[in-house]
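Trainee: Just the structure for this:
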Amino acid sequence: MAISHHEHSEICEWTQADWTRRDTLDVLARGGLAAFLASINLGAGALHAADDDVVRIGYLPITDATALLVAHAKGYFEEAGLKVEPPTLVRSWSALVEGFASGKFNVAHLLKPIPIWMRYNNRFPIKILAWGHTNGSGIVVGEVTGVKNFSDLGGKRIAVPYWYSMHNVVLQFALRQSGVKPVISDTPAANECALQVLAPPEMPPALSAKKIDGYTVAEPFNALGELRAGARMLRFTGDIWKNHPCCVIVAHERHTVERPEWTQKVIDAIVRAQIFASKNKLEVARLISKDDRGYLPTPADVVVKAVTDYGEHYEASGAIRHRKWGNGRIDFQPWPYPSATKLIVEAMGNTIVEGDTTFLKGLDPEFVTNDLVDYRFVKAALQRFPEWIEDPSVDRANPFARQEQLTL
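Mentor: Have a look, this model is predicted:
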């Protein structure tokens, strides 16, 4: 199903076509983040703008930011005793990283591999304080490609949003398990799948124009592709890696040391937001959409599908094969399970990417698990708001540990 000129224009409007990850992808994927961060002041003075008690949030307009947006919309920051500015919509990962590093934002959500890169490749004192959400991504293909399984992706081209992303990790796992070799090539062989980086807003139009055969990305771009660009869900990433993390809530380490009470209040508000979002997905989807509070530039019907549609029709198509796992299309569980951090560090070292991966060599997953993540604040918040344990993904007998499940 090809996109008409009018529909193409609408997609650009919905997704804010000037929002692109390309600048960050080009910089980060080729090992340029160190130079980028070195180009701005990372000393004590860099954080003065965010050293008052005002919560300043930076976010990209994707469902990964839901917890931050709901905490603002529902007044949870104020109820925790904090002053908060309206969240600032940022149109690229590079601008978000720069704004966070320079102190413009003191709370943000980032793809989980980015803090790993920042802390260990660039020695930037970033801390992960909680997960922003779980699941919330998928792998879609064009309806006309004839692709039914990952084994059919030989000779095809699939776009990823960022080399160091959970999307790339899960996709390459699925390809290898299916006997297809992931490659970075202009001319993939019959047993190879070519991967390329593409900005999410460009993915649905590129798929419709048959420039790519599919893509993997965060919501709402999968739902947008399904509704407007002739995409078919091949598999939900959360149906391959059960309740995987994607974006995480981050802060500068300085705040965790010098302003622990402030940091605790921030995480309290975010945990409340995740509990609310997990119980009120339809309301939250409409709330953050273009048609309500306007945090996302995407219409409500697309966001509602992106947040709530995990129906039986996906089992019939094979996009869901592990219904017994009990997860949703996107879920909201803040506890940063150490086992998942270990897995993603290990997987980053085994995933084909462009650029210099030297920093990953010798990086101990156990060390990263204990050094990168500060568990104090989220654990205290979860004890203060015990409703989180009602989430079906949580083992009530052992809520702070789990066994990772990664399987086709």
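Trainee: Only C-alpha atoms from now on, for both contacts and neighbour counts.
Mentor: Will do.
Trainee: Got the phi and psi for Ile249?
Mentor: Main-chain dihedrals, Ile249, degrees, to the nearest 10: phi -90, psi 130.
Trainee: Just give the number of residues close to it.
Mentor: Around Ile249 there are 25 other residues, counting by other C-alpha atoms under 10 Å.
Trainee: hey, what's it bridged with?
Mentor: On the basis of DSSP bridges, Ile249 is bridged to His109, Ala130.
Trainee: for it, what are its contacts?
Mentor: Ile249 is in contact with 107-110, 128-132, counting by C-alpha atoms under 8 Å, 6 or more residues apart in numbering.
Trainee: Could you identify the most distant pair in those residues?
Mentor: Using C-alpha to C-alpha, the pair of the contacts of Ile249 lying farthest apart is Val107 and Trp131, separated by 12.8 Å.
Trainee: For these two, indicate the residue with more neighbours.
Mentor: Taking other C-alpha under 10 Å, Val107 and Trp131 do not tie; Trp131 has more neighbours (28 against 24).
Trainee: Asn168 looks like it's in a helix, true?
Mentor: Yes. According to DSSP: H, G, I helix; E, B strand; the rest coil, Asn168 belongs to a helix.
Trainee: Any figure for the gap between it and Ile352?
Mentor: Between Asn168 and Ile352 the distance, using C-alpha to C-alpha, to the nearest Å, works out to 9 Å.
Trainee: These two: who's more crowded?
Mentor: Higher neighbour count among Asn168 and Ile352: Asn168, with 26 against 18, using other C-alpha under 10 Å.
Trainee: With adjacent residues omitted, what lies nearest to the more buried one?
Mentor: Counting by C-alpha to C-alpha, 6 or more residues apart in numbering, Asn168 lies nearest to Val160, which is 6.1 Å off, once chain neighbours are set aside.
Trainee: show me where the stretch 101-250 of the chain has strands.
Mentor: 107-111, 126-131, 134-135, 137-142, 157-160, 181-183, 192-197, 214-218, 231-236, 247-252 (DSSP state E, counting those that start in this stretch).
Trainee: Any chance of TSV for these, columns distance to Asn327 and mean pLDDT?
Mentor: Formatted as TSV, these follow (distance: least, C-alpha to C-alpha, whole Å; pLDDT from 0 to 100):
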stretch	distance to Asn327	mean pLDDT
strand 107-111	20	96
strand 126-131	16	98
strand 134-135	8	98
strand 137-142	12	98
strand 157-160	23	96
strand 181-183	28	98
strand 192-197	28	96
strand 214-218	16	96
strand 231-236	11	98
strand 247-252	17	97
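Trainee: Nearest to Lys324 among these would be which one?
Mentor: Going by C-alpha to C-alpha, the one of the strands of the stretch 101-250 of the chain nearest Lys324 is strand 231-236, 14.2 Å.
Trainee: ok, and for that closest one, which residues are buried?
Mentor: 231-236 (16 or more other C-alpha atoms under 10 Å).
Trainee: picking that back up, what's near enough to touch the residue nearest to Asn168?
Mentor: By C-alpha under 8 Å, 6+ apart, the neighbours of Val160 are 167-168, 195-198, 215-217.
Trainee: Does it have any beta-bridge partners, and if so which?
Mentor: The partner residues for Val160, given DSSP bridges, come to Val197.
Trainee: Next, count neighbours for the residue nearest to Ala159 when sequence neighbours are not counted.
Mentor: Closest residue in space to Ala159, ignoring its immediate chain neighbours: Tyr215 at 4.5 Å, by C-alpha to C-alpha, 6+ apart. As a burial measure, Tyr215 scores 32 neighbours (other C-alpha under 10 Å).
Trainee: just checking, Tyr215 touches Pro201?
Mentor: No. Applying C-alpha atoms under 8 Å as the test, Tyr215 and Pro201 come out as separate, 11.3 Å apart.
Trainee: Common neighbours of those two, please.
Mentor: Common neighbours of Tyr215 and Pro201 (C-alpha under 8 Å, 6+ apart) do not exist.
Trainee: how does the chain divide up, domain by domain?
Mentor: With domains defined by automatic domain parsing, the chain comprises 1-136+243-392+402-408, 137-239.
Trainee: Those: lowest mean pLDDT?
Mentor: Lowest mean pLDDT within those: domain 1-136+243-392+402-408, at a mean of 87.
Trainee: What distance do you get for Gly214 to Pro365?
Mentor: 31 Å.
Trainee: gap between the helix or strand hosting Thr263 and the chain center?
Mentor: According to DSSP states H and E, Thr263 maps onto helix 260-279. Offset of helix 260-279 from its chain centre (C-alpha atoms, centre = their mean, to the nearest Å): 18 Å.
Trainee: Quick check: buried residues in it?
Mentor: Residues of helix 260-279 classed as buried by neighbour count (16+ other C-alpha under 10 Å): 262-278.
Trainee: Please give me every residue in contact with Val107.
Mentor: By C-alpha under 8 Å, 6+ apart, the neighbours of Val107 are 55-58, 100, 249-251.
Trainee: which one of the residues you listed is nearest Arg323?
Mentor: Closest approach to Arg323 among the contacts of Val107 (C-alpha to C-alpha): Ile249, at 28.0 Å.
Trainee: show me the contacts for Ile184.
Mentor: Counting by C-alpha under 8 Å, 6+ apart, Ile184 has contacts 194-196, 353-354.
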